[in-house]
Every structure is written in structure tokens, then in C-alpha cells.
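Chemist: Turn this into a structure:
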Amino acid sequence: MNRDRQRGGAEGALRRNRQSGQDLVEYTLALPIVLLFLMGILDLGRVVYVYSALHNSVRDGARYGVIRPTDTAGIEAVVRSKTGGLDQAELTVQVVQPDTETIQVQAIYQFEVVTPFASALIGSNQWQLGSQSTMRVEG
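Modeler: From the prediction side, this is the model:
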């Protein structure tokens, strides 16, 4: 009877070793998928941040333009100062005054996705994010 317990114990240990080996293989197969998913979530968060920064900066630039509609350099400087966390080389700012009563400020940012294989899913790893604000000129 004592031998049966010992033999059962050895077989149980062998089963546990096989099970832990199987677990390791499953984790190894699932890890890349989980990491890709997490990187996609991080990219989505970056997109939301960039869009929010662009939206707020063009609104502030248009507010400045309401008071000083002819100061396009000042309007662009306001927009660029409000997008401090972004790469300024990838940012394009346009100031247009369609008529004497309105000012229109637009910013476009070249966003680069860092998730691997994103270009295969969406066609490119470069996105254009933009925002525009139109306000009436005071005066």
C-alpha cells in the first residue's frame, strides 16, 4: 500500500511537470498577441492626446486672432506654444481670413504609429491628424 502511494506521487509529479511545460508553451504563444494589443492601446492613447492638443491649440490661436487678426505670425506662435509636447517639425499651421469678419486657424500633425504591423492593417504607419477653429473677429 505504501508503494502505491509512492508510485502515485511520482506519476503526479510527472503530470505536474508536463502541465507546467504546457503552460509555458501557452504563455509563449499568447505573449506576442498581448503585447501587440497593449501597444495598440498605447497608440490609441497617443492619438487622443495629439488630437486634444491640436484642438485646444487652434482654438487658442483663433482666440488670439479674434483680437489681432492681421498678426498671423503671432497666431502661429500661440498654436505652436500650446502644442509643446509634439514634434514641431511635424506640425503645419495655417491661418486664413476668409472675409473681414472671420478668422480660421488650422493645424495638421503627421502622426507616426509605433505599433508593429499597423501599416499592414491600416495601409500606412503615418496618419494626418488635424483640427480647425473658426471665430468671428472683434472690432
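
Chemist: show me where the chain has strands.
Modeler: Secondary structure of the chain (DSSP state E): strands at 91-99, 102-112, 126-136.

Chemist: May I see these organised as CSV, with mean neighbour count added?
Modeler: C-betas here are computed from N, CA, C, even on glycine. Converted to CSV, those look like this (neighbours: other C-beta atoms under 10 Å):
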stretch, mean neighbour count
strand 91-99, 15
strand 102-112, 20
strand 126-136, 16
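
Chemist: For Leu24, find the nearest of those.
Modeler: strand 102-112 (35.2 Å; C-beta to C-beta).

Chemist: Okay, angle between that closest one and strand 91-99 too, please.
Modeler: Taking axes from the mean of the first three to the mean of the last three C-alpha atoms, to 10 degrees, one finds strand 102-112 and strand 91-99 inclined to each other by 160 degrees.

Chemist: And the residue nearest the centre of the chain, what's its pLDDT?
Modeler: The residue lying closest to the centre of the chain (C-alpha atoms, centre = their mean) is Arg46, at 2.2 Å. Note for Arg46: predicted pLDDT of 93.

Chemist: How far off centre is the biggest helix by length in the chain?
Modeler: Taking DSSP state H as the criterion, the chain has its longest helix at helix 2-67. Relative to its chain's centre, helix 2-67 lies at 17 Å (C-alpha atoms, centre = their mean, to the nearest Å).

Chemist: quick one on the thing from earlier: how close does the residue nearest to the centre of the chain sit to Gln104?
Modeler: Separation of Arg46 from Gln104 (C-beta to C-beta, to the nearest Å): 27 Å.

Chemist: Worst mean pLDDT across the helices and strands of this protein, which element?
Modeler: Ranking every helix and strand in the chain by mean pLDDT, DSSP states H and E puts helix 118-122 at the bottom, with a mean of 73.

Chemist: list the buried ones in that one?
Modeler: By neighbour count on 16 or more other C-beta atoms under 10 Å, the buried set for helix 118-122 is Ala118.
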